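Asks: structure for this input, please:
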Amino acid sequence: MSSSLSKPQIIAHAHTGLNFTVFDCKWIPCSAKFVCLGNFPRGTGVIQIHELQHGEVQLVKELEKPKPIKCGTFGASSLQTRHIATGDFDGNLNIWNLEAADVPVYSVKAHKEIVNSIDGVGGLGIGEGAPEIVTGSRDGTVKVWDPRQRDWPVANMEPLEGETRRDCWTVAFGHAFNQEDRCVCAGYDNGDVKLFDLRNMSLRWETNIKNGVCCVEFDRKDINMNKLVATSLEGRFHVFDMRTQHHTKGFASVSEKAHKSTIWQVRHLPQSRDVFMTTGGSGNLHLWKYEYPAQRSEKDCEGVAGGVAGSLSLLQNVTLSTQPITSLDWSPDKQGLCVCSAFDQSVRVLIVTKLNTV
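Replies: Numbers count the residues shown, from 1 in each chain. Sure thing, here's the model as predicted:
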């Protein structure tokens, strides 16, 4: 058997065109359904629910909303309710019951400008502590919300007076391994990556990857910080080992020039935290595996411990479209099943095989 046959394969299982621009797609947990979020040409927002039936994508429900919708997450919801939180172009954070989505079950004017990115934790049995939602906006602020409290954020990370307000493109929760600890990572248009410690309400670490940060994601939200991936505007991504922080050098990292254009997203396989997919501006997907070094930390000449970066291997890649693949979401329930959307106004359901062998 050739080595190519033993590698994971990325198979296009189902495909459907849409009548709107889709910005984000998310699997509905414990179902064969997924949600597409975006905007109609007439300038209104849209939530579409699709179901995978007998190898085909079927439209189940379409909901039109006043403002275009940029991003969504189920991360702060329980498996019983499966409410989706969305951020829109007008700066609103809304939470929707998809069974009765005429009006949101929670709504707040979260930002002065578009909500570029959203993440949730504390729901779906993932991560300890309160259910919380983090939003990042063009207005330069990163805010954390507890849906049980009305109208105000529980944390607000914004530039100091006199500092330039950078466009925040991406946010992600991590380090939610007990009731007290929790971190938020944010990436900005100038290449800044900032790690905020919510327990101490402080900036724990920051770096710059030289190009706009399109996406950040921890390999798992519900463990002591392990790895963080940050993707950039110019086709390069960085993997940071988050276990050992050196007091001057920060976290060790390895980087890879992967795509010929923007890497829009990174998504870790829920069932294996060392496997992840990156989505490219030229319509391609790259499947990666992170290999740990023999030792994850070593002491310098002064006896201070620092991290040691691992290495990356490309497991598979495929080109699906001539347009950027803007979002991807793995099924939390069925290993290897994922859904992705592209600017060709389409959504694709994919199956990645042989993941148990890598």
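Asks: in stretch 293-300, which residues are buried?
Replies: Neighbour-count burial for stretch 293-300 flags residue 296 (criterion: 16 or more other C-beta atoms under 10 Å). Placement of C-beta: from N, CA and C, glycine included.
Asks: just the mean pLDDT for it, thanks.
Replies: Stretch 293-300 carries an average pLDDT of 92.
Asks: below-threshold pLDDT in this structure: ranges please.
Replies: For the chain, the stretches flagged by pLDDT under 70 are 1-5.
Asks: please redo it, this time with the cut-off set to 80
Replies: By pLDDT under 80, the weakly predicted segments of the chain are 1-5, 150, 259.
Asks: could you tell me the end-to-end distance of stretch 292-300?
Replies: 20 Å (C-alpha to C-alpha, to the nearest Å).
Asks: give me the distance between that stretch and the centre of its chain.
Replies: Stretch 292-300 has its C-alpha centroid displaced from the chain centroid by 28 Å (C-alpha atoms, centre = their mean, to the nearest Å).
Asks: equivalent analysis for stretch 178-190, please.
Replies: Put simply, stretch 178-190 sits 12 Å off its chain's centre (C-alpha atoms, centre = their mean).
Asks: in the stretch 51-200 of the chain, which spans are strands?
Replies: In chain order, the stretch 51-200 of the chain shows strands spanning 56-65, 69-73, 84-88, 92-96, 106-109, 115-121, 132-137, 142-145, 155-157, 168-174, 183-188, 192-197, with DSSP state E, counting those that start in this stretch as the criterion.
Asks: ranking those by burial, who's on top?
Replies: strand 132-137 (a mean of 28; mean count of other C-beta atoms under 10 Å).
Asks: what about the helices in this protein?
Replies: Per DSSP state H, the chain carries helices over the ranges 3-6.
Asks: quick one: contacts for residue 58?
Replies: Residue 58 is in contact with 50, 51, 52, counting by C-beta atoms under 8 Å, 6 or more residues apart in numbering.
Asks: burial count for the nearest residue to residue 10 once chain neighbours are set aside?
Replies: Distances taken as C-beta to C-beta, 6 or more residues apart in numbering put residue 318 closest to residue 10, at 4.4 Å, once the chain neighbours are dropped. Burial of residue 318, expressed as a neighbour count using other C-beta atoms under 10 Å, amounts to 15.
Asks: residue 318 and residue 279, how far apart?
Replies: Here the distance between residue 318 and residue 279 works out to 11 Å (C-beta to C-beta, to the nearest Å).
Asks: same thing with residue 253?
Replies: Following C-beta to C-beta, the distance that separates residue 253 from residue 279 is 21 Å.
Asks: show me the contacts for the residue nearest to the spatial centre of the chain.
Replies: Centrality entry for the chain: nearest residue to the mean C-alpha point is residue 217, 5.5 Å, by C-alpha atoms, centre = their mean. Residues in contact with residue 217, defined by C-beta under 8 Å, 6+ apart, are 172, 228, 229, 266, 267, 268, 276.
Asks: okay, and the beta partners of the residue nearest to residue 10?
Replies: On the basis of DSSP bridges, residue 318 takes part in beta bridges with residue 285.
Asks: if we can go back for a sec, and for residue 318 and residue 279, which residues touch both?
Replies: With C-beta under 8 Å, 6+ apart applied, the overlap between the contact sets of residue 318 and residue 279 consists of residue 285.
Asks: now do the contacts for the closest residue to residue 44 other than its chain neighbours.
Replies: Closest residue to residue 44 in three dimensions, ignoring its sequence neighbours and counting by C-beta to C-beta, 6+ apart: residue 64, at 5.4 Å. Counting by C-beta under 8 Å, 6+ apart, residue 64 touches 40, 44, 45, 46.
Asks: residue 250 now?
Replies: 205, 207.
Asks: ok, back up a step: and the strands of the stretch 51-200 of the chain as TSV, adding distance to residue 307?
Replies: Formatted as TSV, the entries for the strands of the stretch 51-200 of the chain read as follows, by distance: least, C-beta to C-beta, whole Å:
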stretch	distance to residue 307
strand 56-65	43
strand 69-73	29
strand 84-88	33
strand 92-96	35
strand 106-109	38
strand 115-121	24
strand 132-137	25
strand 142-145	25
strand 155-157	24
strand 168-174	16
strand 183-188	16
strand 192-197	14
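Asks: looking at these, which is closest to residue 284?
Replies: strand 168-174 (19.9 Å; C-beta to C-beta).
Asks: other residues contacting the closest one?
Replies: Counting by C-beta under 8 Å, 6+ apart, strand 168-174 makes contact with 75, 116-121, 127, 132, 134-138, 140-142, 182-189, 212-218, 220-221, 225, 228, 242, all of which sit outside it.
Asks: what lines up beside it in the sheet?
Replies: Strand 168-174 has the following sheet partners, assigned by DSSP bridges: strand 183-188 (antiparallel).
Asks: pull the CA atoms of the strand it pairs with into CSV?
Replies: Taking Å, rounded to 0.1, in the frame of the first residue of the first chain, the C-alpha atoms of strand 183-188 are listed here in CSV:
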residue,chain,number,x,y,z
CYS,A,183,-8.1,33.4,29.3
VAL,A,184,-9.1,35.3,26.2
CYS,A,185,-6.8,35.6,23.2
ALA,A,186,-7.3,38.4,20.7
GLY,A,187,-5.7,39.1,17.3
TYR,A,188,-5.6,42.5,15.6
